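Peer 1: Structure for the following, please:
(one chain, ligands or ions: 1)
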Amino acid sequence: MKIEQAVRLGRYTTLGAGGEARAFAKPSTAHEVEEALAWAHERELPIVTIGLGSNLLVADDGVEALVLRLGGELAAAEIRGNLLVAGGGAANAACLHRVRDAGLGGFEFACAIPGTTGGGVRMNAGAYGSDWSQILVRALVVDEHGARWLKPAELGLSYRQSKLDPRQVVARVELRLERRDPGEIKAKVAELQALRKAAQPTNKRTFGSVFKNPDHELTAGLMLEACGLKGHRIGGAQISPRHANFIENADGARASDAVALMAEARRRAHEEYGVELEHEVQFVGPLVLPPLGS
Ligand SMILES: Cc1cc2nc3c(=O)[nH]c(=O)nc-3n(C[C@H](O)[C@H](O)[C@H](O)COP(=O)(O)OP(=O)(O)OC[C@H]3O[C@@H](n4cnc5c(N)ncnc54)[C@H](O)[C@@H]3O)c2cc1C
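Peer 2: The predicted structure is shown next:
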């Protein structure tokens, strides 16, 4: 497995911004993941595993880490009975095609989530009332101690998070689905995609939801909209005029532009509603939001 130096990460993210990874590798087997972890361990380099970069904000200065992007058999998927058995780097879209053709339903909600099955486990991704925790049978997690299968309870899946730490790589995933007519699946996917298109900036470069929904009657999006932030722009980044919990790359956005927008959004939500918004997007590299009240 080749380890590359100074690879620009922006091109591996849906936002399209961010600096370089000190080192970058594409392991294609669980054994290669172990080798990569050992390589990083020897050099005391942290690990960052990325999927399709659909929930990532990468620092403009890049990241001093070995970044892994799963490929080969770790990005493939197959059907075994009622199970989807996929590599952690398999794209949800490709998995959805596969399960639909096999007449397996229950994964339709993922049509709205442009990531991988491994990223889905790490984030407990979800939409329309379903999430990974409801269909995950087990995940093969590789870390410095080797590879082991973990069940949902061991992964600690809850609202848009898991207990996985950055040195743990989700190499494989098994999802339990149920028999359903492919035509019915297709119709459901079309319905969900139309809902998405009507409510969110699906034709813009974004990293999905910026903040988790707070414990409040308003969602993060509605709260930021009520703060008058729709369309607010800093540098090349803009709070989506369509949905205020999205930041669009309007024109050559830098990560620092997005962070400045996030800081302003948090400040306003705190001032107006006393709510401390927690970011859902995952930071890669030295990015921090200023503390509230500073
Ligand atoms: C337009 C749009 C709409 C979206 N809608 C939704 C939605 O409805 N619901 C939702 O939940 N999310 C949504 N997202 C966010 C995103 O798609 C999900 O969080 C997705 O699960 C991230 O998967 P990914 O493979 O792209 O992971 P990345 O964004 O690359 O990484 C996300 C996190 O997972 C970790 N990670 C990735 N792969 C692995 C792995 N194999 N092993 C260990 N850790 C890993 C990364 O280190 C990082 O911490 C949306 C994003 C966009 C751009």
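
Peer 1: now Ala125, nearest residue through space, not along the chain?
Peer 2: In space, and not counting its chain neighbours, Ala125 is closest to Ile113: 4.9 Å by CB to CB, 6 or more residues apart in numbering. Glycine gets a C-beta too; all of them are placed from N, C-alpha and C.

Peer 1: Does that neighbour touch Asn92 like I think?
Peer 2: Yes. At 5.5 Å, Ile113 counts as touching Asn92 under the criterion of CB atoms under 8 Å.

Peer 1: any shared contact partners between those two?
Peer 2: Listed as contacting both Ile113 and Asn92 by CB atoms under 8 Å, 6 or more residues apart in numbering are Gly120.

Peer 1: Flag the shaky bits of the stretch 151-294 of the chain, pLDDT-wise.
Peer 2: Along the stretch 151-294 of the chain, segments meeting pLDDT under 70 span 294.

Peer 1: Quick check: the residue of it nearest the ligand.
Peer 2: Across the stretch 151-294 of the chain, the shortest distance to the ligand (CB to the nearest ligand atom) belongs to Gly208, at 2.4 Å.

Peer 1: Okay, and that residue sits in which element?
Peer 2: Assigned by DSSP states H and E, Gly208 falls within no helix or strand.

Peer 1: how about the helices of the stretch 101-250 of the chain, start to end?
Peer 2: Under the criterion DSSP state H, counting those that start in this stretch, helices of the stretch 101-250 of the chain are mapped to 117-123, 132-135, 152-155, 182-199, 220-226.

Peer 1: Just say which of those helices is most tucked in.
Peer 2: Ranked by mean neighbour count, the helices of the stretch 101-250 of the chain are led by helix 117-123 with a mean of 28 (mean count of other CB atoms under 10 Å).

Peer 1: how near is the spatially most central residue of the chain to the ligand?
Peer 2: The centroid of the chain falls nearest to Asn55 when counting by CA atoms, centre = their mean (3.7 Å). Distance of Asn55 to the ligand, given as CB to the nearest ligand atom, to the nearest Å: 3 Å.

Peer 1: which residues touch that residue?
Peer 2: 115, 119, 123, 207-208, 280-282.

Peer 1: Just put those in a markdown table and tack on distance to Gly51.
Peer 2: Below are the contacts of Asn55 laid out as a markdown table (distance: CB to CB, whole Å):
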| residue | distance to Gly51 |
| --- | --- |
| Gly115 | 5 |
| Gly119 | 3 |
| Met123 | 9 |
| Phe207 | 12 |
| Gly208 | 12 |
| Glu280 | 15 |
| Val281 | 13 |
| Gln282 | 10 |
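
Peer 1: most surrounded residue in the residues you listed?
Peer 2: Among these, the one with the most neighbours (other CB atoms under 10 Å) is Gly119, at 27 neighbours.

Peer 1: Check the gap between that residue and the ligand for me.
Peer 2: Relative to the ligand, and taking CB to the nearest ligand atom, Gly119 is found at 2 Å.

Peer 1: right, and that residue touches Gly51 too?
Peer 2: Yes. Look at Gly119 against Gly51 with CB under 8 Å: they come within range, at 3.3 Å.

Peer 1: anything in contact with each of these two?
Peer 2: Gly88.

Peer 1: now Ala263, what's its secondary structure?
Peer 2: Classification of Ala263 using DSSP: H, G, I helix; E, B strand; the rest coil returns helix.

Peer 1: So it is in contact with Pro290, correct?
Peer 2: Yes. Using CB under 8 Å, Ala263 is in contact with Pro290, at 5.4 Å.

Peer 1: Mind checking which of these two has more residues around it?
Peer 2: Taking neighbours as other CB under 10 Å, Ala263 and Pro290 compare with Ala263 leading, 17 against 12.

Peer 1: Quick one: residues contacting that one.
Peer 2: Neighbouring residues of Ala263 by CB under 8 Å, 6+ apart: 289-290.
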